[in-house]
Structures are given as C-alpha cells and as structure tokens.
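Chemist: This is a predicted model, with the sequence first.
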Amino acid sequence: MRISVIGAGYVGLVTAVGLSSLGHLVICADKNEERINRLRRGIIPFRENGLDEKLQHHLDQSNISFTHDTGIAVRGSNVLIIAVGTPQAPDGNADLSYLWQAVDEIASNTMEKKTIIVKSTVPPGTCDQIEQSLVSRKIDSLILDVVHNPEFLRQGSAVNDFFNPDRIIIGCKNENSPSLLQNMYFGLQSPFLVYDRSTAELIKYASNAFLALKISFINMLSDLSEKLGADIEQISEGIGMDKRIGSAFLKAGIGYGGSCFPKDIRAMQHFAAIHHIPMPLLYAVEEINAQRPELIVEACKQHFGSLRKRRILLLGLAFKPFTDDIRESPALAVSSLLLEQGVELHAYDPWVQHFPVQNVSCFQDPYQAIEGCEAVVLLTDWPQFRQLNWERICRKIKNGLIFDGRNQFTTNEIMPLINRHAIKYRSIGRPNLGKTAIVQQFNEETLFMLPEENDFTNSGLLKKAAL
Ligand code: UDX
Ligand code: UDX
C-alpha cells in the first residue's frame, strides 16, 4: 500500500518507519522543514532505540520519503495517517489546532477517495467532528472513512512497541475499514479490536489514565510504607504477583512525566467535566503525582536544615531512561523547588543536552558534576547510574545525602557505602538509612565541646548526642 503519515514526531516517525518495514510505500510529511531535511539525510530529531538504523535502511530501499509539503503527501496516497501532536491547551483540554491544520490540508488536496486514520490522541467525538467538517466542505463523498487507530508506543521502546502491540484498536464507521487496516498492519501478530470511533478514542485515554493510576497508587502507598518501616518494593512485588493486579507500572518513584500521562489525564478531566461526569480519581492521581517532588526538598531540609548555598547534584533529567525527552519530567519541578530554597544545582543526564530551567549547571561528566556537592538526587532510572563509581561519589559527598528517587539501589547494596562515608540514604517508601547530618553535626560539635567523658557520662547530654 501507499500510505502517507502527517507528522514526523515521536509517533508519526516511528509509525512511518514501522509501516515501511511492513512493506508499504510511505510518504512522511512534517511542516517543520528543517526536521524534514535532516530526516532525508537519516538524521532523527530525537533519540529512539533502533529507529535510526531502520530509517536509514528504508531510505536506502527508497520505500520511505519525506516532504514538508503536506499537500504532496495527501495527493500521493489514499491512506492518510494523522499523527500530529495534540499537546495540552492552557485550559487543560487537548489542543487540536495541529490536527485541524492537517485536516485542512487533507480537505484542500483531496481529489480522489481517501481513508483518513487519526492516530493522534484525541478526545472522544473528534473523529465524528472531522467527518462532519468534511461533509460541510462537500468532500465527504471522497472520504471513505475517518478511522481512529490510537497508538500505545512508549518512548524508549517505541520501535519494539510498534511491532509488538498488545492489541490494535480500530474505531470506524465503514465496514471495509477493518480489512484495510488489517492489510496495513499485515505481519503483526496482534488481536484487532473493532469498535465505534468514540469507544476507540476513549480507550486510549482510559489506558493512559489507568497506567497513571497504578503509578500514583503505589506512590501513595509508599508514603504509608515509609512511615511504617515497610518496603514498597516488596509490597509492589507482593501485590503484583496477583494476576488481577499485574506487576507492571507499580514501580514507586518520584512520579510520572512525559508528553502523554500528564496531558491525557488533564484532557480527560476536561472532557468529562464538559459532560458533567465526575472523575475524582483523575484528580487524585494528578495530585499524588504533583506532590512527589516535595519529598526531595523535605528530605534535604531534614538532613541539612537550611539549604541556602548547598550544592546538590541531580542525576537524570529525562522523564524516563532511553529518551532525551524532558517534557513534564519530574526533574523540572524538583530543580525549581530546590532553586527556590537557594540550592546550587549541578546536573548530569547521559542523553539530555538541553535543560530549560535557568541556573542548573549541566555537565557531560558525572564526576565533574559531583565536585563540591553535598547531596545526590537520583531522578531518572538510567541503568548506567548503577555502574557509576559510587565509592568515589560518596567520598565527595561525605556526611551528605543520597536521595534515590527511583529506588535504583537495594538496601544491601547501598548500606556499606553509606556506613563508610556517614551518608544518609533516603528513597521512596523504604526505611531511611544512615544518620541525618544535623544529628551527626550535633554529635560532633557536642562531643567535641564536651570535657572528659567521665564528667558527663551519665548526663542526658552525652546520651542525647549519641542518639
Ligand atoms: C504524539 C501523538 O500524535 C499525540 O496525539 C500524543 O498525544 C503524543 O504523541 P508526538 O509525536 O509526541 O505526539 O508529537 P510531536 O513530537 O510534537 O510531533 C508532532 C509533529 O507534527 C511535529 O514534528 C510537527 O511539526 C508536526 N506537524 C504538526 C505537522 O507536520 N503538521 C501540522 O499541521 C502540525
Ligand atoms: C506512555 C504509555 O505507556 C504509552 O502506552 C502511551 O502511548 C504514551 O504514554 P511513555 O509516557 O512514553 O508511554 O512512558 P512510560 O514508560 O509509560 O512512563 C511514563 C512515566 O511513568 C515515566 O516518567 C516513568 O518514569 C513513570 N513510571 C512508569 C513510573 O514512575 N513507574 C512505573 O512503574 C512505570
């Protein structure tokens, strides 16, 4: 099949390259001319495992091409996939302006029968509105269907997710559309689920909302777990073994980020409110997530007292590993909160090159970044962070603090280090390890000032200091 994909972002580009791999002839359009010029040379505007090799291969095979003229793409295929961004609008709703731009381009370049496939995440009813818009432009006779075919691609594993979807959702009106999409996805061993369009549109939001709900649930539970001296990692394992619950997306941490969960939760709140349907869980999920970064500030204050002029290293800026995407990353909130406390921030992330928060000094080398720091805050669970020379790092932050925002270390792994270097280790939902600097400082000052022990051995002061 000849297929055109409109939008060469995280979703559109992966979809275009994936469909080329399934044997189709793909034209990928994006209005960002610079992006298109780089894609024609095989240069991808973001990091995504395995995508560059596949792109180069299909460029060499000439079964994928790029244009910044959407009209060329529309005229070049009878199957048009819209994969433009639907970011969050100021009022929380999905901003569909890019989508309607794409629909306008389709309408003004359609002279023969087309099937439009909306892959972008859109509020329920949007595909019906697109169809109505085409009717009003009197080209509905040329549009065989407006199909909703949501994506479930995770950044960092999007190529793998494209080829191994758990299910392929099709929301359509024309009875021939399912076979068209089965041909399009021929080669993928996944069940097809065919519904009406609004059902398909809502499935996408519901999927992301439920995944975010699982994350906020385990994070909410981690606060209680830490208070009770329990271990959230073990709780997660214990509940996740129940097949009805499942262990995926039960990893406690400093919260979810990315371009999807936050904006899709808010969009869902918005369109549910328009229909006067209360969705209290969605607000709780968001509130729990928004509170996570404050845990770090609290832990730093507990350890150091005043944070003014303290130098702290943030390890990880991306919202998750294997991406350079910082959209709604917890690192944005954490860095802003710490800067408000007068902290001097250093940062290191293996892939993120640009971090928009002012006054965060980003380094290319973690051992340069650690110079002069008194605390390390782990924000992204990059596997390579576990391979760093933590003996060297702990020597630098002696008597300092490690806040493991993604529970990257087990207690047994970290205990020898923190004991050797008198470091406080805080994590999510697990017992705290090591002494707080204030106590250590009090001990050292108090013990240092005290005359010979025998004058005070039985006094409360020495005992208190030793606590
Ligand atoms: C995707 C989905 O499309 C979105 O619905 C979902 O909510 C998040 O994932 P994403 O691929 O991340 O969005 O969007 P983005 O990375 O912003 O890429 C969108 C691309 O579309 C941009 O490169 C933009 O230049 C392009 N675009 C936008 C067009 O080519 N034409 C337009 O009219 C508008
Ligand atoms: C998500 C959905 O998984 C995907 O199906 C949809 O198409 C787009 O949105 P993505 O946002 O790329 O994908 O990444 P994901 O792996 O879902 O992680 C999202 C956030 O949740 C990250 O910040 C991650 O660190 C966090 N997370 C994930 C947790 O905190 N705990 C977990 O157990 C899993």
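Modeler: Great, that's in hand. Ligands and ions are numbered 1, 2, ... in the order given.
Chemist: what number of residues lie near the residue of the stretch 1-150 of the chain found nearest ligand 1?
Modeler: Closest approach between the stretch 1-150 of the chain and ligand 1, counting by Cβ to the nearest ligand atom: residue 9, at 1.8 Å. Where you see a C-beta, it was placed from the backbone N, CA and C, and this is true even at glycine. Residue 9 is flanked by 19 other residues according to other Cβ atoms under 10 Å.
Chemist: I figured it hits residue 82, correct?
Modeler: No. Using Cβ atoms under 8 Å as the test, residue 9 is too far from residue 82 to be in contact (11.5 Å).
Chemist: contacts for stretch 32-46?
Modeler: 8, 10, 13, 28-30, 51-52, 55-56, 59, 65-68, 323-325 (Cβ atoms under 8 Å, 6 or more residues apart in numbering).
Chemist: and the lengthiest helix in the chain, which residues are buried?
Modeler: Taking DSSP state H as the criterion, the chain has its longest helix at helix 197-228. Buried residues in helix 197-228, counting neighbours by 16 or more other Cβ atoms under 10 Å, are found at 197-198, 200-205, 207-209, 211-223, 225-226.
Chemist: what does the model give the residue of the stretch 1-150 of the chain closest to ligand 1 for pLDDT?
Modeler: On pLDDT, residue 9 comes in at 96.
Chemist: Check the burial of the spatially closest residue to residue 25 that is not a sequence neighbour by counting its neighbours.
Modeler: Once flanking residues are discounted, residue 25 sits nearest to residue 2: 4.8 Å by Cβ to Cβ, 6 or more residues apart in numbering. Residue 2 sits with 11 neighbouring residues when counted by other Cβ under 10 Å.
Chemist: and residue 2, how far is that from residue 33?
Modeler: 23 Å (Cβ to Cβ, to the nearest Å).
Chemist: for ligand 1, what are the nearby residues on the protein?
Modeler: Contact residues, the chain versus ligand 1 (Cβ under 6 Å from any ligand atom): 6-12, 29-32, 35, 83-86, 98, 101-102, 120-121, 259-260.
Chemist: In terms of helix, strand or coil, where does the residue in the stretch 351-467 of the chain that ligand 2 sits nearest to fall?
Modeler: Ranking the residues of the stretch 351-467 of the chain by distance to ligand 2 (Cβ to the nearest ligand atom) places residue 381 first, at 7.0 Å. Under DSSP: H, G, I helix; E, B strand; the rest coil, the three-state class of residue 381 is coil.
Chemist: Same question for residue 376.
Modeler: Residue 376 ends up strand, using three-state DSSP.
Chemist: wouldn't it be in contact with residue 393 here?
Modeler: Yes. Using Cβ under 8 Å, residue 376 is in contact with residue 393, at 6.4 Å.
Chemist: overlap in contacts of the two?
Modeler: residue 370.
Chemist: Specify which residue of those two has the higher count of neighbours.
Modeler: residue 376 (27 against 22).
Chemist: gap between the more buried one and ligand 1?
Modeler: 31 Å (Cβ to the nearest ligand atom, to the nearest Å).
Chemist: Look up how far residue 354 lies from that residue.
Modeler: 22 Å.
Chemist: show me the residues around residue 154 that make contact.
Modeler: Contacts of residue 154 by Cβ under 8 Å, 6+ apart are residue 161.
Chemist: quick revisit: ok, then the element right after the longest helix of the chain?
Modeler: Where DSSP states H and E defines the elements, the next helix or strand beyond helix 197-228 is helix 232-240.
Chemist: can you list the residues that contact that following helix?
Modeler: 218, 221-222, 225-226, 245-248, 250-252, 407, 410, 428-430.
Chemist: and if you look at stretch 368-376?
Modeler: Residues contacting stretch 368-376 (Cβ under 8 Å, 6+ apart): 300, 303-304, 310-313, 315, 346-348, 361, 363, 392-393, 396-397, 399-403.
Chemist: cool, and stretch 176-196?
Modeler: Contacts of stretch 176-196 with the rest of the structure, by Cβ under 8 Å, 6+ apart, involve 1, 3, 19, 22-24, 79, 115, 117, 144-145, 147, 149, 163-173, 203.
Chemist: Filter those down to the buried ones and hand me the PyMOL line.
Modeler: Only the buried entries of the contacts of stretch 176-196 go into this PyMOL selection, using 16+ other Cβ under 10 Å:
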select buried, resi 3+19+22+24+79+115+117+144+145+147+149+165+168+169+170+171+172+203
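Chemist: Intersect the contacts of stretch 176-196 with the contacts of ligand 2.
Modeler: Near ligand 2, taking Cβ under 6 Å from any ligand atom as the test, no member of those is found.
Chemist: how far does stretch 84-101 sit from the chain's center?
Modeler: 18 Å (Cα atoms, centre = their mean, to the nearest Å).
Chemist: Alpha carbons only: can I get that stretch in PDB?
Modeler: Only the C-alpha atoms of stretch 84-101 are listed here, as PDB (Å, rounded to 0.1, in the frame of the first residue of the first chain):
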ATOM      1  CA  VAL A  84       0.500  15.400  14.700                       C
ATOM      2  CA  GLY A  85       0.900  16.400  18.400                       C
ATOM      3  CA  THR A  86      -2.200  17.100  20.500                       C
ATOM      4  CA  PRO A  87      -0.500  19.000  23.400                       C
ATOM      5  CA  GLN A  88      -2.300  20.400  26.400                       C
ATOM      6  CA  ALA A  89      -4.000  23.700  25.900                       C
ATOM      7  CA  PRO A  90      -3.900  26.300  28.800                       C
ATOM      8  CA  ASP A  91      -7.400  25.200  29.900                       C
ATOM      9  CA  GLY A  92      -6.300  21.500  30.200                       C
ATOM     10  CA  ASN A  93      -8.100  20.400  27.100                       C
ATOM     11  CA  ALA A  94      -6.300  18.800  24.200                       C
ATOM     12  CA  ASP A  95      -5.000  21.500  21.800                       C
ATOM     13  CA  LEU A  96      -6.300  20.200  18.400                       C
ATOM     14  CA  SER A  97      -5.100  23.100  16.300                       C
ATOM     15  CA  TYR A  98      -2.300  21.000  14.700                       C
ATOM     16  CA  LEU A  99      -4.900  18.300  14.000                       C
ATOM     17  CA  TRP A 100      -7.300  20.700  12.300                       C
ATOM     18  CA  GLN A 101      -4.400  22.200  10.300                       C
END
